[in-house]
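Participant: Predicted model follows, preceded by the sequence.
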Amino acid sequence: MIRVAIIGATGYTGLESIEIIQRHPQAEVTYLTALEQECGNAEEVFPRLKGKCDIEIEPLDFDKLSDLADVVFCCLPHKVSMDFVPKLLGAGLKVVDFSADYRLKDVKVYEKFYNVKHTDPANLESAVYGLPELFRKRIKGKNLIANPGCYPTGALLAIAPLLKERLIETDSIIVNAVTGSSGAGKNPSDKFHFPNMNENLFAYGIGSHRHMPEMEQIAGEIAGSDVQILFQPHVGCFDRGILSTVYCQPKGKTGGQQLSKLYNDFYNGEPFVQICDDAPAVKSVAATNYCHISPACAKGRVIIFSALDNLVKGASGQAVQNMNIIFGLEETLGLK
Ligand SMILES: NC(=O)c1ccc[n+]([C@@H]2O[C@H](COP(=O)([O-])OP(=O)(O)OC[C@H]3O[C@@H](n4cnc5c(N)ncnc54)[C@H](OP(=O)(O)O)[C@@H]3O)[C@@H](O)[C@H]2O)c1
């Protein structure tokens with residue numbers, strides 16, 4: 001059994017991770033930690049877990065953690081994460097980090113978009129970007145996985161086949177996406193609080209969202225050249241899910257049949273990517289680790305739609321997929 005500790009267990013991705021690990025036949029939750037004021041029995045902290053998870057959520061004790069766990073899910077906000085990760089790695093633990101602290105390889109870009117100093121550049125170098133469909137071989141056996149952002153997961157899976165085959169212009173990609181409100185975590189801000197969110201839909205982060213450089217970095221790696229992406233996020237009044245619509249300029253003439261073949265071939269055998277004939281919907285993938293993708297052509301442009309659950313394929317499900325790969329387990333365990 002793989003022993004899993006979750007730090008930041010009282011947040012949205014923490015709860016989602018607990019529930020997925022509980023369904024996993026070869027992993028178990030052995031240690032849950034949170035800030036002191038949030039601690040208590042997991043079944044009381046989360047009524048959803050009543051009768052299912054009689055484990056105390058405790059303030060973090062590093063000695064206890066290294067005795068009780070093989071792998072740590074770091075479900076913490078950015079900046080906080082990099083205060084913990086070096087100690088976790090130092091204790092010989094494998095780490096899947098949910099924050100953005102180990103995703104951007106260029107410290108200057110990280111510091112510009114996150115507006116904080118990066119305090120752990122040494123581990124940043126060895127961190128592997130955990131998007132299994134593209135980087136599976138790199139993930140196996142590694143100590144530190146930077147679990148991808150939720151928006152970048154949907155956008156990158158949508159454009160990867162086109163970038164890899166160099167079929168689109170790389171200076172004019174537009175990613176237009178809508179997330180449900182759980183994307184912002186459990187602490188409501190003015191904008192994301194219920195009275196503003198309810199029956200509402202609005203754009204935010206115009207030209208400045210932190211996931212934009214992450215998309216560009218990984219897209220550039222897939223394409224083997226610089227890629228410019230204009231990313232425009234929106235939030236709508238549903239709990240979970242991200243629908244992305246990606247607009248690209250093809251380099252030559254492209255037809256629907258060619259695209260369908262390209263996508264079906266590229267993702268052939270991938271357990272969690274499904275190519276759909278019709279545009280996908282967030283409800284079809286809610287609470288699953290699937291990403292549904294549908295490519296199309298209109299007015300000389302290529303349009304790709306993708307849908308996933310931000311808390312599962314966009315966070316905790318992808319973390320479990322990464323954990324399975326790190327430890328050489330069947331990749332779908334706990335996730336189907
Ligand atoms: N939500 C998503 O859809 C999603 C998707 C992909 C990635 N992520 C990333 O995953 C991470 C967690 O996201 P989330 O949505 O689960 O956030 P969340 O609901 O706000 O949970 C974060 C948890 O970390 C705790 N925490 C904050 N500072 C801490 C500290 N110094 N020590 C220990 N615990 C601390 C928080 O406690 P308090 O509430 O008391 O502050 C909270 O329980 C973030 O980096 C986020 O960007 C989230």
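Facilitator: Great, that's in hand.

Participant: Which residue, other than its chain neighbours, is closest to L35?
Facilitator: Spatially, and ignoring its direct neighbours in sequence, L35 is nearest to P59 (7.3 Å; Cβ to Cβ, 6 or more residues apart in numbering). Any C-beta I mention is one placed from the backbone N, CA and C, and that applies to glycine too.

Participant: is it true that that neighbour touches A34?
Facilitator: Yes: counting by Cβ atoms under 8 Å, A34 is a contact partner of P59 at 7.4 Å.

Participant: In terms of neighbours, single out the busier of these two.
Facilitator: A34 (23 against 11; other Cβ atoms under 10 Å).

Participant: so who does the more buried one touch?
Facilitator: I7, G8, A9, T10, G14, I57, E58, P59 (Cβ atoms under 8 Å, 6 or more residues apart in numbering).

Participant: Let's see that with 7 Å instead.
Facilitator: G8, A9, T10, I57 (Cβ atoms under 7 Å, 6 or more residues apart in numbering).

Participant: Give the helix, strand or coil label for the closest residue in space to it that isn't next to it in sequence.
Facilitator: Of all residues not flanking A34 in the chain, T10 sits nearest, at 4.2 Å (Cβ to Cβ, 6+ apart). With DSSP: H, G, I helix; E, B strand; the rest coil as the basis, T10 sits in coil.

Participant: And the closest residue to Y129 other than its chain neighbours, what's its pLDDT?
Facilitator: Nearest residue to Y129 in three dimensions, chain neighbours excluded: A146, at 5.3 Å (Cβ to Cβ, 6+ apart). Note for A146: predicted pLDDT of 98.

Participant: then the helix or strand containing E216 to PDB, C-alphas only?
Facilitator: Here E216, judged by DSSP states H and E, is contained in helix 211-223. Taking Å, rounded to 0.1, in the frame of the first residue of the first chain, the C-alpha atoms of helix 211-223 are listed here in PDB:
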ATOM      1  CA  HIS A 211      -1.900  30.400 -16.000                       C
ATOM      2  CA  MET A 212      -1.000  32.200 -19.300                       C
ATOM      3  CA  PRO A 213       2.800  31.900 -18.900                       C
ATOM      4  CA  GLU A 214       2.300  28.300 -17.800                       C
ATOM      5  CA  MET A 215       0.400  27.500 -21.000                       C
ATOM      6  CA  GLU A 216       3.000  29.300 -23.100                       C
ATOM      7  CA  GLN A 217       5.900  27.500 -21.400                       C
ATOM      8  CA  ILE A 218       4.500  24.000 -22.000                       C
ATOM      9  CA  ALA A 219       3.100  24.800 -25.400                       C
ATOM     10  CA  GLY A 220       6.500  26.100 -26.400                       C
ATOM     11  CA  GLU A 221       8.100  22.800 -25.200                       C
ATOM     12  CA  ILE A 222       5.600  20.800 -27.300                       C
ATOM     13  CA  ALA A 223       6.000  22.900 -30.400                       C
END
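
Participant: Now find how far off-centre it is within its chain.
Facilitator: 14 Å (Cα atoms, centre = their mean, to the nearest Å).

Participant: what about it, average pLDDT?
Facilitator: Helix 211-223 carries an average pLDDT of 98.

Participant: List of residues touching that helix?
Facilitator: Counting by Cβ under 7 Å, 6+ apart, 100, 103-105, 109, 113, 129, 134, 149, 151-152, 155-156, 159-160, 163-164, 166, 170, 175, 226-229, 231 sit against helix 211-223.
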